[in-house]
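K.L.:
Let me see the structure of the following:
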Amino acid sequence: MTRIAALQFVSTPVPQENFATVRRLVAEAANQRAQLVLLPEYWPVMGMRDTDKISCAERLDSGPIQECMADLARQHGIWLIGGTLPLASPDEGKVLNTVLIYSPSGERISRYDKIHLFGFRKGEESYDESRTIVPGVAVGTFDAPFGKVGLSVCYDLRFPELYRAMGDCTLMVVPAAFTYTTGKAHWEILLRARAIENQCYVLAAAQGGRHINGRRTWGHSMLIDPWGEIKAVLPEGEGVIVGKIDHGLIASVRENLPALKHRKL
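P.N.:
Residues are numbered from 1 along each chain as shown. Now for the predicted structure:
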């Protein structure tokens, strides 16, 4: 069985503080024998303003955020799925919200640019990621020794067609910074649905708490199995969840209820 972990953050506007947190939590996951570690969305910085991420944007394969992730993967000999970081985009004043994947040797082996950009307005609470982020255009997956991994980010969770487009996966991951309002209502339901309908494991790493900028994120990082059962969860605050991928369970679920073979559309 493969041991996998998700980290939960309450990121600050100061990248160096978040670097210290990621080093501590990745070491904790590695000490629990995790072979793959997932970071949350926006782990390097949660700025005071949406535009703060632009000043932290890096060029691909260059910059302290990427160096930190590559070093952690190499140091601990793990597959590291780097939550998201802001990458420079062709559009002035905007970034890509990008997941980078590192092998145990520290090599970047894949990427995914978040496709669906969050927009929400209710009372005084308002978000519009399209103001500062350029959407991605391509489905993201990569092949790990234990199977195919599908890549998504936060708001992507509401679009099941993206997960269908990933194909037959052993694991689907969701780094996120769900708001408290939407997370309380929909987070667990959507994560369990993605696991059930795709008959695979789903691992979600979230931001979870009250941030210095006044934002409150939902947390509840979790691992869900192919039957939709929650195997591990961390409600709020910084920390690590660790669980196992049981290939026998995946095979059993798909044999007993061959829904993937019954698809018509």
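K.L.:
Do a quick rundown of the helices in the chain.
P.N.:
Using DSSP state H, the helices found in the chain span residues 15-31, 52-55, 64-76, 160-165, 180-182, 188-198, 247-256.
K.L.:
Check the burial of residue 94 by counting its neighbours.
P.N.:
21 (other CB atoms under 10 Å). In this view, the C-beta of every residue, glycine as well, is placed from N, C-alpha and C.
K.L.:
For it, give me its contacts.
P.N.:
54, 131-134 (CB atoms under 8 Å, 6 or more residues apart in numbering).
K.L.:
Distance check, it against residue 40.
P.N.:
As judged by CB to CB, to the nearest Å, residue 94 and residue 40 stand 21 Å apart.
K.L.:
of the helices of the chain, which approaches residue 265 most closely?
P.N.:
With CB to CB as the measure, helix 160-165 is the member of those nearest residue 265 (9.4 Å).
K.L.:
Packing partners of the closest one?
P.N.:
Where contact means 3 or more CB pairs under 8 Å, 6 or more residues apart in numbering; DSSP states H and E, helix 160-165 is packed against helix 188-198.
K.L.:
Which strands or helices does the helix it packs on pack on?
P.N.:
Applying 3+ CB pairs under 8 Å, 6+ apart, one finds that helix 188-198 contacts helix 160-165, strand 171-176, strand 201-206, strand 221-224.
K.L.:
how about stretch 124-142: buried residues?
P.N.:
For stretch 124-142, a neighbour-count test (16 or more other CB atoms under 10 Å) marks 127, 129, 132-134, 136, 139-142 as buried.
K.L.:
Any idea what the spatially most central residue of the chain is bridged to?
P.N.:
What sits nearest the mean C-alpha location of the chain, by CA atoms, centre = their mean, is residue 175, with 1.6 Å. Beta-bridge partners for residue 175, by DSSP bridges, are residue 205.
K.L.:
and it, what does it touch?
P.N.:
For residue 175, the contacting residues are 38-41, 43, 81, 83-84, 99, 153-154, 204-206, by CB under 8 Å, 6+ apart.
K.L.:
So which of the buried residues of stretch 124-142 are in strands?
P.N.:
Under the assignment DSSP state E, the buried residues of stretch 124-142 contribute 127, 140-142 to strands.
K.L.:
Let's have the residues you listed in JSON lines, adding pLDDT.
P.N.:
Formatted as JSON lines, those follow (pLDDT from 0 to 100):
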{"residue": "127", "pLDDT": "84"}
{"residue": "140", "pLDDT": "98"}
{"residue": "141", "pLDDT": "98"}
{"residue": "142", "pLDDT": "98"}
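K.L.:
Out of those, which comes closest to residue 234?
P.N.:
Nearest member of these to residue 234, counting by CB to CB, is residue 127, at 23.5 Å.
K.L.:
quick one, what contacts the closest one?
P.N.:
118-121, 179.
K.L.:
Return the members of the residues you listed classed as buried.
P.N.:
By 16+ other CB under 10 Å, these give 118, 179 as buried.
K.L.:
would a markdown table of the contacts of residue 127 with distance to residue 73 be doable?
P.N.:
As requested, these are exported to a markdown table (distance: CB to CB, whole Å):
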| residue | distance to residue 73 |
| --- | --- |
| 118 | 28 |
| 119 | 33 |
| 120 | 33 |
| 121 | 38 |
| 179 | 30 |
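K.L.:
Which member of the contacts of residue 175 is positioned nearest residue 197?
P.N.:
Nearest to residue 197 among these: residue 204, at 15.6 Å, using CB to CB.
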